[in-house]
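Student: no sequence for this one, just the structure:
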């Protein structure tokens, strides 16, 4: 009985979908519906808030310039509060009720992973703004992502160590989600750069003193550099303790602390610290012939003109990249038909975004390489490009 | 102190139940308006007719989430509403059920239909072991202890990434029955509906049994109940285990339905949400709990269109209900209706 009923419903659904397709085919003047689900409130609002502002701002600009393929864009957004179950329900709503043409969103890895089975089944292109490698590894046909991963941050640090001829590294990692994930990736990727991890210590995100762990690292035989995967205030304390203990090796921080706040917290101790970061952070300082310069300077000026000086963040940049990639893909495909847009996204080549140059392929749905990161050094309380 | 009502164990016939006295036959009308016949009938009718209004997967999703929340809340209502014990850790049991299904099916290849009872059994044993010492506490101390249990479960699920996938969660495969994957709103609607009806039926029978009377007795006055010969610890532990097992079953269903679990499902706020549903709908009222679960699942969806203001409106609605109807939605409305009836008669 139940089975027969579900069968009947399924048939009804297929018929409904067919009717819907036929209806949408002859309505060319319809807006292109862009669905989004972001963590605008809650613990991850520092991600979702700039992302939503960016999407709203740039969709207005695209519409002002005549829209996409002559059709206006319409943004449909729901706030997930970084909750995976809420995200799932809202994505079903985007897919079934709002019938969107594309989904741009998913501030955190958790919410993105939760909705992947839904978009894969619905066969709608989905560009995520989340950091985790798991989103695109293994590759899922309909899922793409814009931000670089923590694995690449480790790679960038190790590449810089290699250039300086340093191989023996001490790790001091936070045990929060970010530190833990990056620590795993660093340990995993180290052999590729012939890096040997000679010390491996951890601290809790709420710790206020890391002298004990650092002393142990300092006493390790043959130590040549210290890397600190962590997020929040922990790395600033590590930096201070590091200077107090008088280390004579360089300290590398992660991209997680790439903000002015870190320099403020660590003060003079931050002098000489190196870290990988997005080009957006040093937009004006990029050389004039840098191919990424127009994109990052353009985004930064536009965003700060509306939301005040100093408000720009890399997270908003991820949303900008996602929207612009979709725009490029639709223009290349000449249609918003999901399958064609997906193919166009996958064959995107040489696209310049705020995260770097993107070249997608069938087995890489992020398309960034290590040039996405810039190695920065802190000198006189400000960022300086190393290369 | 307050008067002792209603009775725990009374050998005198006149005080046996609160709906009708033993030895007197209920009239057909009374039967119709009783919770066990009329209420159940109304519930089954609503569940059977609801699919007529549901047109797509999203709407089914909301209905199913309502059902899953309702299963937890009906169980929690037995503990909070009838036995008068606070639990701020039930999301922990919900998440344990979900993770039991997720881990047993993905890592050990167990069938989903076996993982669910296995998870429920595990949670039941755990709840029993925890309940014995915890339920010696009362008031704020009990709330603190259950809160602690929930937080510990959350931390374990969050940190033991080798088993649980860590903060980013893990996938759960769809259940297959005879080679047919159980996927889609319609199928899950009927699965959850069946479990919900069974849960409500169990809860109503439990409340109308000697156990239910003992529970109400210990809610009214624990010392008096003990004096009357009720083994209060035994009953408290029993109802705690029952509500934990129901939460675990709901968790397992939600894991297979949504094909994904995250440690967030064990979060403190999720526990608070369950308790809020009980209080909002009306404590010590099974159908009140159902209405609380349904409304608090539906409201955020209805309010999502007022982007930016949805939290404020939701808060306002909840405050108003609690100020105007301090006993909860359903008991207040039923009380009003009864008073009207009496006034009309006199």
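Tutor: That came through, no problem. Owing to the predicted nature of the structure, the values given are computational and were not obtained by experimental measurement. Numbers count the residues shown, from 1 in each chain, chains lettered A, B, ... in the order given.

Student: ok now do whatever residue of the stretch 151-300 of chain A ends up closest to chain B, which residues does it touch?
Tutor: Nearest residue of the stretch 151-300 of chain A to chain B (C-beta to the nearest C-beta) works out as residue A:177 at 4.4 Å. For the C-beta atoms, the positions are set from N, CA and C on the backbone; glycine is no exception. Going by C-beta atoms under 8 Å, 6 or more residues apart in numbering or on different chains, residue A:177 touches B:166-167.

Student: Where does residue 156 fall, secondary structure wise?
Tutor: In the absence of a named chain, this looks at chain A. In this assignment (DSSP states H and E), residue A:156 forms part of helix A:150-163.

Student: think we crossed wires, I meant chain B
Tutor: helix B:140-159.

Student: Kindly report the same for residue B:44.
Tutor: Counting by DSSP H and E, residue B:44 is part of helix B:40-49.

Student: what's around residue 298, how many residues?
Tutor: Picked chain A for this. 13 (other C-beta atoms under 10 Å in any protein chain shown).

Student: that's the wrong chain, I wanted chain B
Tutor: So residue B:298, with other C-beta under 10 Å, has 14 neighbours.

Student: can you check the one 4 residues further on too?
Tutor: Other residues near residue B:302 number 13, with proximity taken as other C-beta under 10 Å.

Student: model confidence over the strand or helix carrying it, on average?
Tutor: Assigned by DSSP H and E, residue B:302 belongs to helix B:286-303. The average of the pLDDT scores along helix B:286-303 is 91.

Student: Please apply the same query to stretch A:150-166.
Tutor: The pLDDT scores in stretch A:150-166 average 91.

Student: Please enumerate the helices of chain A.
Tutor: A:2-25, A:45-64, A:84-92, A:109-122, A:150-163, A:177-189, A:211-218, A:234-244, A:260-266, A:293-307, A:314-333, A:338-346 (DSSP state H).

Student: Give me the angle between the helix or strand residue B:242 falls within and helix B:140-159.
Tutor: Assessed by DSSP H and E, residue B:242 sits inside helix B:232-258. With axes from the mean of the first three to the mean of the last three C-alpha atoms, to 10 degrees defining the directions, helix B:232-258 sits at 30 degrees from helix B:140-159.

Student: ok, back up a step: looking at the helices of chain A, which is nearest to residue B:264?
Tutor: helix A:84-92 (5.7 Å; C-beta to C-beta).

Student: ok, and does the helix holding residue B:242 reach over to chain A?
Tutor: Yes. With C-beta under 8 Å from any C-beta of the partner chain as the criterion, chain A is reached by helix B:232-258 at B:254, B:258.

Student: Can you list the helices and strands that that helix packs against?
Tutor: With contacts taken as 3 or more C-beta pairs under 8 Å, 6 or more residues apart in numbering or on different chains; DSSP states H and E, helix B:232-258 sits against helix A:84-92, helix B:57-77, helix B:90-106, helix B:112-134, helix B:185-207, helix B:210-220, helix B:222-227.

Student: Tell me which residues of that helix come out buried.
Tutor: B:232, B:235-258 (16 or more other C-beta atoms under 10 Å in any protein chain shown).

Student: Next: stretch A:341-355.
Tutor: A:341-342, A:344-346, A:348, A:351-355.

Student: Then stretch A:95-104?
Tutor: A:95-96, A:98-104.

Student: Would you map out the domains in chain A?
Tutor: Taking automatic domain parsing as the domain assignment, the ranges for chain A are A:31-149+A:302-371, A:150-282+A:380-385.

Student: So what would you say the end-to-end distance of the shortest one is?
Tutor: Which is domain A:150-282+A:380-385. Domain A:150-282+A:380-385 has an end-to-end distance of 20 Å (criterion: C-alpha to C-alpha, to the nearest Å).

Student: okay, now the spatially closest residue to residue A:223 that is not a sequence neighbour: neighbour count?
Tutor: Closest residue to residue A:223 apart from its sequence neighbours, by C-beta to C-beta, 6 or more residues apart in numbering or on different chains: residue A:170 at 5.3 Å. Residues within reach of residue A:170, counting by other C-beta under 10 Å, total 24.
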